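Engineer: model the structure of this input:
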Amino acid sequence: MNDQSPQVPPNAPRIGNGFTRFIGRVLLRIVGYKVEGTFADEPKMILIAAPHTSNWDLIIALGTILSLGVRINFMMKKEAFFFPVGGLFIALGGVPVDRSNPKRVVVQTLRNFRDNEKFWLAILPEGTRKPVTSWKAGFMRIAEKADVPIFIMGVDSRTKTLNLDRLVNEDEDAQALRQYVKQKFTGVNPRND
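Structural biologist: Below you'll find the model as predicted:
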């Protein structure tokens, strides 16, 4: 039996089993979200998701990870890794980040890309849930140093959809990406809770 979702290509890092996929589908159903599109068939890549405006984004992310059975590592401030949820976050792909030491974060991230045959890392380019006028560009520097592509995902709260969009062209800069996402998701009503 093939449990490969059409959204998850063969080179994707995998996680879980039939039971965890069921739990993920239930989580997505509870928040009313669906996933559209297909991930790029890359064993290693950085995934950026925008806009990031709500704590509910974590539930959407975990529901997606579990329902599709794909391992997407995600950075979170180290303070979120407290007992009893810290172990669960790590098991699901959470990477604790010390925001006071960005150089160490980059070194740790590059090591993860180097040491793993398959490694997908989700980064929120806004860096916060608060409204921002520009993205942090660290994800582009990491992608360049790790020699991995960038994949765009968009969260549309109006249609309650996580859109798996596309790979980024190598010559695009952070401002061009920001403009693309802004145009692509015009009319999106981000959650702000």
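Engineer: contacts, neighbours, all on C-alpha from now
Structural biologist: Will do.
Engineer: stretch 72-83: how far from the chain's middle?
Structural biologist: 13 Å (Cα atoms, centre = their mean, to the nearest Å).
Engineer: use 804 as the first number for this chain going forward.
Structural biologist: Noted, 804 is the first residue going forward, which turns the last one into stretch 875-886.
Engineer: got the contact list for the residue nearest to Glu920 when sequence neighbours are not counted?
Structural biologist: Computed as Cα to Cα, 6 or more residues apart in numbering, the closest residue to Glu920 that is not its neighbour in sequence is Pro846, at 7.1 Å. Shown in contact with Pro846 (Cα atoms under 8 Å, 6 or more residues apart in numbering): Asn814, Ala815, Pro816, Glu920, Lys921, Phe922, Trp923.
Engineer: separation between Pro846 and Ala949?
Structural biologist: Here Pro846 is placed at a distance of 13 Å from Ala949 (Cα to Cα, to the nearest Å).
Engineer: swap in Phe892?
Structural biologist: 24 Å.
Engineer: likewise Arg817?
Structural biologist: Relative to Ala949, and taking Cα to Cα, Arg817 is found at 21 Å.
Engineer: can you check Val829 too?
Structural biologist: On the measure of Cα to Cα, Val829 and Ala949 end up 35 Å apart.
Engineer: what's the separation between the residue nearest the centre of the chain and Ile849?
Structural biologist: Per Cα atoms, centre = their mean, the C-alpha nearest to the average position across the chain is that of Ala925, at 3.1 Å. Distance of Ala925 to Ile849, computed by Cα to Cα: 6 Å.
Engineer: out of the contacts of Pro846, which one sits closest to Lys837?
Structural biologist: Of all these, Lys837 sits closest to Ala815, with 19.4 Å by Cα to Cα.
Engineer: against Ala979, how distant is the closest residue to the closest one other than its chain neighbours?
Structural biologist: Counting by Cα to Cα, 6+ apart, Ala815 lies nearest to Pro846, which is 5.5 Å off, once chain neighbours are set aside. Note on Pro846: its distance to Ala979, by Cα to Cα, is 25 Å.
Engineer: how about the helices of the protein, start to end?
Structural biologist: Applying DSSP state H to the chain gives helices spanning 821-834, 859-871, 888-894, 905-918, 941-949, 977-987.
Engineer: need those in a markdown table with mean pLDDT, mean neighbour count and distance to Met956, can you?
Structural biologist: Output for those, formatted as a markdown table (pLDDT from 0 to 100; neighbours: other Cα atoms under 10 Å; distance: least, Cα to Cα, whole Å):
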| stretch | mean pLDDT | mean neighbour count | distance to Met956 |
| --- | --- | --- | --- |
| helix 821-834 | 95 | 16 | 16 |
| helix 859-871 | 89 | 21 | 11 |
| helix 888-894 | 90 | 14 | 21 |
| helix 905-918 | 91 | 15 | 20 |
| helix 941-949 | 87 | 17 | 14 |
| helix 977-987 | 72 | 14 | 9 |
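Engineer: right, I'll leave it there.
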